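Novice: here are the coordinates; sequence isn't available:
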Ligand SMILES: Nc1ncnc2c1ncn2[C@@H]1O[C@H](COP(=O)(O)OP(=O)(O)OP(=O)(O)O)[C@@H](O)[C@H]1O
Ligand SMILES: Nc1ccn([C@@H]2O[C@H](COP(=O)(O)O)[C@@H](O)[C@H]2O)c(=O)n1
């Protein structure tokens, strides 16, 4: 029998104010490390909500591209004020999709297609993710998700910035080569062609941008458990994280 503990807890955040919140499990790490896969399984098993924070940045990146804010020349400056207005104009919601094993993204009432998940949009996301005002505009939406039920949050700065008080923090990584290989398999299984070298180059470029930006860089929280999944299958990763959750008092 699965016993789900999702009781609200009180916690004190910075300014001394007491907030009601539920258990939070953070899974941070680079693209292709397996965060989404394990986050989905944890959320399903525990009956928690799933925050796919990368999807937020992907949506803003895609909309910025469609609005002509992202030039092909990556060095060209982006107008942060315009980007902020665009970000604020987006009403974003998630809905679990049992077929894809990910959340569907609803923007201003319309479901966004799977194109948001491709590597090109991942690149747009990492270009707009460097802007402090954009990150700030997305912060409350993310934190509010922990006010309604238990939460599994997948991203880059879940444990360091968004939920510093989280019950469980995992930094899930894997070598760039292992992650590129997974992407190739994913694309081939979807009937698409895939160039390993091109994917590896793109992954490394995105890692570089995410790890070296001035605000909320991708890095493990001081109290995170580090897991390198390069030679671990997805089930082993899940079991390790489950053990860590149990150690922190989350019941399965
Ligand atoms: N431990 C694992 N071993 C091998 N393949 C894995 C493992 N975990 C996940 N995968 C596969 O690797 C691919 C990428 O996984 P997933 O989408 O979960 O990564 P991610 O970290 O969420 O990436 P992104 O941040 O880009 O969304 C998927 O096809 C998934 O099935
Ligand atoms: N908490 C987060 C999550 C994501 N990003 C940026 O979005 C890009 C896409 O993320 P995926 O997890 O969907 O691959 C990512 O490369 C980051 O640039 C972020 O900054 N913070």
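Specialist: That came through fine. The structure displayed is predicted, hence computed values, not measured ones. Ligands and ions are numbered 1, 2, ... in the order given.
Novice: rest of the way, CA atoms for contacts and neighbours
Specialist: Fine.
Novice: Helix, strand or coil: sort out the closest residue to residue 224 other than its chain neighbours for me.
Specialist: Closest residue to residue 224 apart from its sequence neighbours, by C-alpha to C-alpha, 6 or more residues apart in numbering: residue 169 at 4.6 Å. Three-state assignment for residue 169 (DSSP: H, G, I helix; E, B strand; the rest coil): strand.
Novice: how near is residue 144 to ligand 2?
Specialist: 15 Å (C-alpha to the nearest ligand atom, to the nearest Å).
Novice: Kindly report the same for residue 122.
Specialist: Residue 122 is 5 Å from ligand 2, by C-alpha to the nearest ligand atom.
Novice: give me the number of residues near that residue?
Specialist: 22 (other C-alpha atoms under 10 Å).
Novice: likewise residue 219?
Specialist: Count around residue 219 with other C-alpha under 10 Å applied: 18.
Novice: Begin at 37, not 1, for the rest of this chat.
Specialist: OK, 37 is where the count begins now, so the last one is residue 255.
Novice: Report whether the helix or strand encompassing residue 79 contacts ligand 2.
Specialist: If you go by DSSP states H and E, residue 79 is part of helix 71-82. No: Helix 71-82 stays clear of ligand 2 (C-alpha under 6 Å from any ligand atom), getting no nearer than 7.9 Å.
Novice: Report whether that helix contacts ligand 1.
Specialist: Yes: using C-alpha under 6 Å from any ligand atom, helix 71-82 comes into contact with ligand 1 via 71, 72, 73.
Novice: Can you name the residues of this structure sitting close to ligand 2?
Specialist: 67, 89-91, 93-94, 158, 161-162, 165, 191-194, 242, 246.
Novice: Out of the residues you listed, list just those in strands.
Specialist: Assigned to strands by DSSP state E, the following of these qualify: residue 191.
Novice: Looking at the residues of the chain next to ligand 2, which is nearest residue 44?
Specialist: Closest approach between the residues of the chain next to ligand 2 and residue 44, by C-alpha to C-alpha: residue 194, at 19.2 Å.
Novice: separation between that closest one and residue 271?
Specialist: Residue 194 sits 22 Å away from residue 271, going by C-alpha to C-alpha, to the nearest Å.
Novice: Look at these two and report which has more neighbours.
Specialist: residue 194 (30 against 12).
Novice: leaving aside the residues next to it on the chain, what's closest to that one?
Specialist: residue 62 (5.7 Å).
Novice: about what we covered before: got a winner among the residues of the chain next to ligand 2 for most neighbours?
Specialist: Highest count within these by other C-alpha under 10 Å belongs to residue 194, 30 neighbours.
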